[in-house]
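A.B. asks: Any chance you could fold what I've pasted below:
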Amino acid sequence: MRHSSPEILLPRAVEVISVSPDKPLSDRIRIRENVRPPLAPKEVRIGMLAMNILPADLLQMNHQYGHQPSLPYVPGHEGVAVVLEIGSEVSDLQPGERVVPFGVFGVWSDELVVQRRSLVPVPSHAPVLQQAMLAANPATAWVLLQHQVTLQPGQWVIQNAANSAVGQCTRQLASHLGFQLINVVRRPEAVAYEEGGHWLVDDGQDPDSLQESVRKITQGEPVVLGLDAIGGKASQALAASLCPRGRLVLYGLLSGDPCSISAHDLIFRNVEVQGFWLANWFSNPNNRQQAKSVYPALMELASQGVLRMKVEKVYELGEVHEAIAHSAQSERQGKVLLKGMHLHNAMNNDQ
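C.D. replies: Here you go, the predicted model:
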């Protein structure tokens, strides 16, 4: 085995021991210390630098996600790491290289052992916090814009929760791709006019009101794609704003309410409603060729500065309870991240 540095004692991991939302976080989530298992020939030991807190992580902790691991489990779907040690049959990575683990669950840890095939090298000079947020939200926005309907530059798209992380990525990508975008938010203070697109403040309760506001912006041009992160009555408002045969893609559950769509829109205007989960899209064999291009495209756009997400605060792994509570706040202005013991000077690239 080859190592990058002397071993650091007692790497930690976050452990979920209960998914009962009526219990306080301190009774459901704890920090445990890990031993370092030996590596198999094709395995790699990585040190997590920064880890994103995703809505999926929070839903999973409250037993509301599409996949629920057995208890206890280590949460975390997204982050960036440094190679610490490589197995005897790994020849294309070296200790000290920076990597993003894809399709790896349980990244809220100081260290992980993963298969080499799950790691994608990324530039070590690039901003580490941005790399920690690359796998989920930018990929969701990219697939929603590129692989749901065939959009041409100049065509109209509408999204709600436009101030969310996916919404921010959608704004940046839509501008880059030349799409016209209407951003719907619930609060006036969430509007970011300087970031482009057209902005509407609407609570999603009155479909006719939103439809009229959209018509004024587009001057009657068709809105062909709606991106819904909220569900409930907000779904009906977005569907009413679409053109006949437009498509509404429901990818989030922020309201916690069942998706509501007018029968008139479904029957007489042939509005299509499609559910979307990024994990399912990637696992579908029909998307195999398209899926190969997603992350190379996003890495290139990130390197060009097209994609850049706001970060509100970074917490130590041991401060996970405070970090989760902060991430659950509705009026955040950026993402909340965790950092592991191996971050060291990599943070300097994000200043």
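A.B. asks: Grab the nearest non-local neighbour of residue 120.
C.D. replies: Nearest residue to residue 120 in three dimensions, chain neighbours excluded: residue 100, at 5.0 Å (Cβ to Cβ, 6 or more residues apart in numbering). Where you see a C-beta, it was placed from the backbone N, CA and C, and this is true even at glycine.
A.B. asks: Correct me if wrong: that neighbour contacts residue 77.
C.D. replies: No: using Cβ atoms under 8 Å, residue 100 is not in contact with residue 77, being 11.7 Å away.
A.B. asks: overlap in contacts of these two?
C.D. replies: residue 135 (Cβ atoms under 8 Å, 6 or more residues apart in numbering).
A.B. asks: Run the chain-centre distance for the longest helix anywhere in the chain.
C.D. replies: Of all segments of type helix in the chain, defined using DSSP state H, the longest is helix 288-303. Relative to the mean C-alpha coordinate of its chain, helix 288-303 is positioned 15 Å out (Cα atoms, centre = their mean, to the nearest Å).
A.B. asks: Check which helices and strands the next helix or strand after that helix sits against.
C.D. replies: Using DSSP states H and E, the helix or strand that directly follows helix 288-303 along the chain is strand 311-316. Applying 3 or more Cβ pairs under 8 Å, 6 or more residues apart in numbering; DSSP states H and E, we find strand 311-316 packed against helix 320-327, strand 335-339.
A.B. asks: What values do phi and psi take at the nearest residue in space to residue 193 that is not next to it in sequence?
C.D. replies: Nearest residue to residue 193, sequence neighbours excluded (Cβ to Cβ, 6+ apart): residue 199, at 6.1 Å. Here is the backbone geometry of residue 199 (degrees, to the nearest 10): phi -120, psi 140.
A.B. asks: what are the ranges of the helices in this protein?
C.D. replies: Using DSSP H, the helices of the chain run over residues 25-28, 55-61, 128-132, 137-146, 165-177, 207-218, 233-241, 263-267, 278-283, 288-303, 320-327.
A.B. asks: Compile those into CSV and extend it with columns for mean neighbour count, distance to residue 47 and mean pLDDT.
C.D. replies: Listed next are those as CSV, based on neighbours: other Cβ atoms under 10 Å; distance: least, Cβ to Cβ, whole Å; pLDDT from 0 to 100:
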stretch, mean neighbour count, distance to residue 47, mean pLDDT
helix 25-28, 14, 25, 90
helix 55-61, 20, 20, 89
helix 128-132, 24, 12, 92
helix 137-146, 22, 23, 96
helix 165-177, 22, 25, 94
helix 207-218, 16, 47, 94
helix 233-241, 26, 41, 95
helix 263-267, 13, 50, 95
helix 278-283, 15, 25, 90
helix 288-303, 15, 21, 89
helix 320-327, 18, 17, 94
